[in-house]
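Participant: Okay, sequence plus prediction incoming.
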Amino acid sequence: MFRLAQEQVKPTEAGIIKAIVQSIIVDQVKAHKPGTVARRDVHAFSHGTVEGVFTVLSGLPAEYAVGLFAEPRSYDTLIRFSNGTPNSMADILPNVRGIALKLKGVTGKKLLNGQEDSDSADFLMANNQTFFIADVEDYVPVHDLVGKNSFIQLFRQYPADTKRLLASLFKLVKNPLTTAYYSQSPYLFGEGKAVKYALIPTELSPTLSFPNVFDKEYLMHAVEKTLRNRSTRFTFCVQLQTESDPIEDPTVQWSGPFVALATLDIKQRGNVPLLESSGEALSFNPWRVTAEHRPLGWANRLRQLVYKSDFEWRDGVNASQNQPKGNGCPFHRS
Ligand code: HEM
């Protein structure tokens, strides 16, 4: 039995997080070739950034009319689709697929340090219901073995993590617009309640067509093709925590139903080609939200410093090289 929305921080956590952040930035600095764009540490390559409208449904029951969802209204939204790896890989190869939303015109103080007055709120998700590492103390050893491609060693030492990682990597995605995405980690939902998020496409993947494996960027081309003559829609849902659902272990799939709170309509684009680099100057951060939606659990506490430090590093390098500089939440790349 778990107490609802209650976090439990291990005494070792702060030191582990500090070391992870330092090692990410040291590795980023080492890997960066002067004169080239400084990219994200992971989710570095995108299938494009598109525009949409996020609409909170009217008539939500009181227990769901919380924070951003308290009143029915629409928010202009930017959506960046990505592969999870640091390197550019052909879309047919195993990968995690990510989606990042930036809602504009969201009032209220944000939790992200230095971005309190931002008028955006960000939601980040990936195409698997759960994260693959259970405990903050396993993060560094597991990550190191994955980084070295030592999968046999990884399987010997962390069999459950290895199975979860492989299951999340080997999912055939035909089109980012017909894929479901999940927050994996929990978020506060007003006082004493916690939720996980999901974005469920209203159209399912076509069952017959197989992706063109020779097209390295078939996912971007699928988005272009789908949005050429029409818009497409996702439903934004939350899953309330029950007493059998843990906050601190993001590898556990929660038990309750997903309940629809909003729609996300992705706009038709006509023949405008998508650019892989179009979201490069943007920063998406799960902590750019108001206090009612505070990120919970070790993975989110780790992300608080990781995303901020990674963005500040890459944005600083890009500005010094006269690449477009982001302000953390520009609506369009300049
Ligand atoms: C818990 C589930 C997680 C999900 C659903 C998730 C999802 C995402 C997504 C969708 C992006 C791309 C954002 C964009 O388009 O700018 C991203 C970026 C990133 N993620 Fe995660 N992530 C998770 C956990 C983690 C963890 C535990 C770490 C720990 C190191 C991490 C490190 C990063 C980094 C460094 C970036 C790039 C940040 C930037 O430079 O802007 N993520 N993540």
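Facilitator: Right, received. Where do you want to start?
Participant: how about the residues of the stretch 201-334 of the chain near the ligand?
Facilitator: Contact residues (Cβ under 6 Å from any ligand atom) of the stretch 201-334 of the chain with the ligand: 250, 279, 283, 284, 299, 302, 303, 306, 307, 310, 311, 314. Yep, even glycine has a C-beta here, placed from its N, CA and C like the rest.
Participant: tell me which strands and helices the helix or strand harbouring the fifth one is in contact with?
Facilitator: It stands for residue 299. Assigned by DSSP states H and E, residue 299 falls within helix 298-320. With contacts defined as 3 or more Cβ pairs under 8 Å, 6 or more residues apart in numbering; DSSP states H and E, helix 298-320 has these neighbours: helix 13-31, helix 136-147.
Participant: just those: most buried one?
Facilitator: Per residue and on average, the most neighbours among the helices and strands packed on helix 298-320 fall to helix 136-147, with a mean of 16 (mean count of other Cβ atoms under 10 Å).
Participant: where does the residue in the stretch 51-200 of the chain positioned nearest to the ligand land on pLDDT?
Facilitator: At 2.8 Å from the ligand, residue 98 is the closest residue in the stretch 51-200 of the chain, using Cβ to the nearest ligand atom. Note on residue 98: pLDDT of 98.
Participant: Contacts only, for it.
Facilitator: Residue 98 sits next to 43, 81, 82, 83, 84, 124, 125, 126, 127, 181 when contact means Cβ atoms under 8 Å, 6 or more residues apart in numbering.
Participant: Helix or strand: which one has the residue nearest to the last one when sequence neighbours are not counted?
Facilitator: In other words, residue 181. Take residue 181 and drop its neighbours on the chain: the residue closest to it by Cβ to Cβ, 6 or more residues apart in numbering is residue 125, 3.7 Å away. Secondary structure from DSSP H and E places residue 125 in strand 120-126.
Participant: Which other helices and strands does that strand contact?
Facilitator: strand 97-104, strand 181-182, strand 194-201.
Participant: That strand vs the ligand: in contact?
Facilitator: Yes. Counting by Cβ under 6 Å from any ligand atom, contacts between strand 120-126 and the ligand involve 124, 125, 126.
Participant: what bits of this protein have low per-residue confidence?
Facilitator: Scanning the chain for pLDDT under 70 picks out the ranges 205-208, 323-334.
Participant: can you give me the helices for it?
Facilitator: Counting by DSSP state H, the chain has helices at residues 13-31, 136-147, 151-157, 159-169, 218-227, 298-320.
Participant: right, so of those, which gets closest to residue 37?
Facilitator: Of all the helices of the chain, it is helix 298-320 that lies closest to residue 37, at 6.2 Å by Cβ to Cβ.
Participant: mind listing what the spatially most central residue of the chain touches?
Facilitator: Ranked by distance to the mean C-alpha position of the chain (Cα atoms, centre = their mean), the top residue is residue 124 at 2.7 Å. Shown in contact with residue 124 (Cβ under 8 Å, 6+ apart): 98, 99, 100, 101, 183, 284, 285, 286.
Participant: For beta bridges, what are the partners of it?
Facilitator: With DSSP bridges applied, residue 124 shows beta-bridge pairing to residue 100.
Participant: The stretch 201-334 of the chain: strands as residue ranges?
Facilitator: Here the stretch 201-334 of the chain has its strands, by DSSP state E, counting those that start in this stretch, at 232-240, 258-266.
Participant: Ranking those by mean neighbour count, which comes first?
Facilitator: strand 232-240 (a mean of 21).
Participant: contact partners of that one?
Facilitator: The set of residues external to strand 232-240 that reach it, using Cβ under 8 Å, 6+ apart, is 54, 63-64, 123, 177, 189, 193-203, 226, 254, 256-266.
Participant: How about the residue of the stretch 201-334 of the chain found nearest the ligand: what's its closest non-neighbour residue?
Facilitator: Nearest to the ligand, among the residues of the stretch 201-334 of the chain, is residue 310, at 3.5 Å (Cβ to the nearest ligand atom). Among residues not flanking residue 310 along the chain, residue 41 sits closest, at 5.0 Å (Cβ to Cβ, 6+ apart).
Participant: burial count for the one you found?
Facilitator: 19 (other Cβ atoms under 10 Å).
Participant: List the contacts of it.
Facilitator: Taking Cβ under 8 Å, 6+ apart, we find residue 41 in contact with 24, 27, 28, 86, 306, 310.
Participant: now the fifth one, nearest residue through space, not along the chain?
Facilitator: This points to residue 306. Per Cβ to Cβ, 6+ apart, closest to residue 306 is residue 21, 5.6 Å.
Participant: What's the separation between residue 4 and residue 131?
Facilitator: Computed as Cβ to Cβ, to the nearest Å, the residue 4 to residue 131 distance reads 20 Å.
Participant: Between those two, which is the more surrounded one?
Facilitator: residue 131 (22 against 14).
Participant: So the more buried one is in contact with residue 186, correct?
Facilitator: No. Counting by Cβ atoms under 8 Å, no contact exists between residue 131 and residue 186, whose distance comes to 10.8 Å.
Participant: list residues touching both of the two?
Facilitator: Here residue 131 and residue 186 share the contacting residues residue 250, scored by Cβ under 8 Å, 6+ apart.
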